[in-house]
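K.L.:
Need the 3D shape of this:
(2 chains)
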Amino acid sequence: MIKVTIDGIEIEVEDGTTIMNAARKVGGKIVPPAMCYYSTLKGSGGKCRACLVKVAQGSAKDPRPMPKLVASCSTAAQDGMVVQNITSQEVLDVRRGIVEMLLVNHPLDCPVCDQAGECELQNFAFDHGLQRTRSEFPRREFDIIDIGPHIKLHMTRCILCYRCTMVADQLTDQRVHGVLWRGEKSEISTYIQKAIENDFSGNMIDVCPVGALTDRHFRFRNRVWFLAPFDAHRHCTKCSGKAVVWLRGEEIYRVTGRKDEYGEVKDFICNECRWDHFSKTDWIIEGPRKFEGWSVINANKYDKETVELPEHLYSKLDNKKWETFEGVT
Amino acid sequence: MEALTTRRKVLEQKRMTLLERIYLPAIASGMGITLRHFFKKKATINFPEQQRPVPRVYRGLHILNRDEQGRERCTACGLCAVACPAEAITMEAAERKPGEENLYREEKYAAKYEINMLRCIFCGFCEDACPKDAIYLETTFAPANYNRNNFIYTKDMLLLGAKREEIKPPLTQ
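P.N.:
Below you'll find the predicted structure:
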């Protein structure tokens, strides 16, 4: 066991834990944001640079600070390490720059995009970004293509986090899509529009932090914040069957995996659960989904235990807590 | 208990004097007030023949704007509906098909767009929320009607250039 100090909070973690996971053990506002790191996918992380933190003291043996900011998702914590996240102005400034870089090629078509409301890039930019863009160069343009009968690919929105390729590598038997070309030209593609038809391929939609991979069945049908998410399960031979059904009235609009407070799915669901069961009788509904992070989906809904506003929205209040009613979701 | 305001008055219930008990002087003074109002300027006007002018920033009936090429600006993003405190707005989105580029500005458009003018409180939050400058509040308002259903304004009544009954009051300078 090693001792790490993150933003003044000391915590004991296992050897080899990354700074990100140590911070998640503490929880709350000191957890660095992540766009590409996904705890259930091996080898993810280190690409988006959203989680950069400052290491003020390398370890107890070698107390020199690290010369540059490090990616917390892929840097192992050392015994006696002192990490600064939200307490360092340098980190916050760099994060604002990262938002700007991620948005250089992003089309910002949130009014059209189906991911809006549950988009990690949207939340990240809302918390850390500028109000306006400084880039005057043309953005990358791609055609919208169908990859398979279920998934639509908007390459313009992609931030190249590589999560979807890892899902294909680690969950399915055969990967038929990948990242073509290099550098600025790189794009996710199936090369000759080969259909993605594997049983677990639908999870690519869930892991995508932006709206690059979207559900063709749910496309433009409703905005996510008008739907009521419910925890539900069904008996499934292929997967755990634990999912979230998104209802409006009696109709199921879509089925997704259960995302935790960091937007990560622990139990991936199969395509049969996701796309073949849109009747309410197919599912055993456990109850309303508890909101774990702050987003537009839980705006106007009350959940005392878990809902907390971002810092800049409640900084003017004295008690720094959102006064809410309990139990109503 | 501490008084909440400084304007509190203790109610006194005294026995009425003879003059107060016969009521006639009070009736006379009341009739005097009524009589005085005959010669004052009227507070009401004869609507709809006469109409009060409204300011240019008056928030009246909504209109769905079009762009310079006459295409619909609304993409059915739902931000007006989520901003609406009265929950008066409902919509359904649809995907633009090839060949419809002259009708709709973006790849998604509102197939159905309804505002319930009985629910609407004309606060203008929808106008503020709209990222596409699609919805605006005009200086006109809805005429009275006998049927509640007629106050649900559909998209063909809201679009710029649509024919609808509306009362156009004069604008103040």
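K.L.:
Can you tell me, leaving aside adjacent residues, what's nearest to the residue of the stretch 151-300 of chain A found nearest chain B?
P.N.:
Using CB to the nearest CB, the closest approach of the stretch 151-300 of chain A to chain B is made by A:Arg223 at 3.8 Å. Every residue, glycine included, has its C-beta placed from N, CA and C. The shortest distance from A:Arg223 to any non-neighbouring residue, by CB to CB, 6 or more residues apart in numbering or on different chains, is to B:Gly78 (3.8 Å).
K.L.:
Give me the neighbour count for the one you found.
P.N.:
For B:Gly78, the count of nearby residues is 23 (other CB atoms under 10 Å in any protein chain shown).
K.L.:
Could you report the distance from it to B:Ala111?
P.N.:
Noted for B:Gly78: a distance of 13 Å to B:Ala111, by CB to CB, to the nearest Å.
K.L.:
before we move on, what about A:Cys51?
P.N.:
41 Å.
K.L.:
For residue 91, grab the count of nearby residues.
P.N.:
In the absence of a named chain, this looks at chain A. Applying the criterion other CB under 10 Å, we find 20 residues in the vicinity of A:Val91.
K.L.:
that's the wrong chain, I meant chain B
P.N.:
When counting by other CB under 10 Å, one arrives at 20 neighbours for B:Met91.
K.L.:
Tell me if it really is in a helix.
P.N.:
No: the secondary structure assignment for B:Met91 gives strand rather than a helix, going by DSSP: H, G, I helix; E, B strand; the rest coil.
K.L.:
Contact partners for it?
P.N.:
For B:Met91, the contacting residues are B:76, B:78, B:81, B:110, B:112-114, taking CB atoms under 8 Å, 6 or more residues apart in numbering or on different chains as the criterion.
K.L.:
residue ranges with poor pLDDT in the chain?
P.N.:
Chain wasn't specified; assuming chain A. For chain A, applying pLDDT under 70 flags the ranges A:191-195, A:292-294, A:299-329.
K.L.:
look at chain B instead
P.N.:
When residues are selected by pLDDT under 70, those of chain B lie in B:1.
K.L.:
and after the longest helix belonging to it, which helix or strand comes next?
P.N.:
The helix of greatest length in chain B, counted in residues with DSSP state H as the criterion, is given as helix B:24-38. Note on helix B:24-38: by DSSP states H and E, the next helix or strand toward the C-terminus is strand B:62-64.
K.L.:
My reading is that A:Val99 lies in a helix. Confirm?
P.N.:
Yes: in this structure, A:Val99 lies within a helix as judged by three-state DSSP.
K.L.:
The stretch 151-300 of chain A: strands as residue ranges?
P.N.:
Residue ranges of the strands in the stretch 151-300 of chain A, as given by DSSP state E, counting those that start in this stretch, are A:151-153, A:178-180, A:187-189, A:213-215, A:228-233, A:242-248, A:251-256, A:284-288.
K.L.:
Is it possible to get a markdown table of those strands that adds mean neighbour count and distance to A:Ser135?
P.N.:
Supplementary listing: those in a markdown table, determined by neighbours: other CB atoms under 10 Å in any protein chain shown; distance: least, CB to CB, whole Å:
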| stretch | mean neighbour count | distance to A:Ser135 |
| --- | --- | --- |
| strand A:151-153 | 24 | 23 |
| strand A:178-180 | 14 | 23 |
| strand A:187-189 | 19 | 19 |
| strand A:213-215 | 24 | 24 |
| strand A:228-233 | 19 | 35 |
| strand A:242-248 | 20 | 34 |
| strand A:251-256 | 20 | 32 |
| strand A:284-288 | 12 | 41 |
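K.L.:
Most proximal residue of chain A with respect to chain B?
P.N.:
Checking chain A residue by residue against chain B with CB to the nearest CB singles out A:Pro111 as nearest, at 3.4 Å.
K.L.:
Which element, helix or strand, includes A:Ala56?
P.N.:
strand A:52-57.
K.L.:
Outside of that strand itself, which residues are in contact with it?
P.N.:
The contact list for strand A:52-57 (CB under 8 Å, 6+ apart) reads A:19, A:32, A:63-66, A:69-72, A:75, A:80-85, A:88, A:90-91, A:94-95, A:98.
K.L.:
Next step: the residues you listed restricted to helices.
P.N.:
Among the contacts of strand A:52-57, the members falling in helices (DSSP H) are A:19, A:90-91, A:94-95, A:98.
K.L.:
Could I get the phi/psi values of A:His128?
P.N.:
Note on A:His128: backbone dihedrals following degrees, to the nearest 10 are phi -120, psi -10.
K.L.:
can you check B:Arg66 too?
P.N.:
Backbone torsions for B:Arg66, taken as degrees, to the nearest 10, come to phi -120, psi 160.
K.L.:
Leaving out sequence neighbours, find the closest residue to it.
P.N.:
In space, B:Arg66 is closest to B:Leu160, 4.9 Å off (CB to CB, 6+ apart).
K.L.:
can you redo the strands of the stretch 151-300 of chain A as a markdown table with distance to A:Arg274?
P.N.:
Formatted as a markdown table, the entries for the strands of the stretch 151-300 of chain A read as follows, by distance: least, CB to CB, whole Å:
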| stretch | distance to A:Arg274 |
| --- | --- |
| strand A:151-153 | 11 |
| strand A:178-180 | 22 |
| strand A:187-189 | 20 |
| strand A:213-215 | 8 |
| strand A:228-233 | 12 |
| strand A:242-248 | 7 |
| strand A:251-256 | 5 |
| strand A:284-288 | 16 |
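K.L.:
Identify all contacting residues around stretch A:36-51.
P.N.:
Where contact means CB under 8 Å, 6+ apart, the residues beyond stretch A:36-51 that reach it are A:18, A:20-21, A:32-35, A:71-74, A:95, A:98, A:101-102, A:124, A:159-163, A:166-167, A:170, A:207, A:209, A:262, A:264-266, A:268.
K.L.:
Identify the single longest strand in chain B, thanks.
P.N.:
Scanning chain B for the longest strand, with DSSP state E as the assignment, gives strand B:108-116.
K.L.:
list the helices and strands it packs on?
P.N.:
Taking 3 or more CB pairs under 8 Å, 6 or more residues apart in numbering or on different chains; DSSP states H and E as the contact definition, the neighbouring helices and strands of strand B:108-116 are strand B:89-95, strand B:152-153, helix B:155-158.
K.L.:
who wins for proximity to B:His37 among the ones you listed?
P.N.:
Of all these, the one in closest proximity to B:His37, counting by CB to CB, is strand B:152-153 (40.2 Å).
K.L.:
Pull up the pairing partners for the closest one, direction included.
P.N.:
With DSSP bridges as the criterion, the sheet partners recorded for strand B:152-153 are strand B:108-116 (antiparallel).
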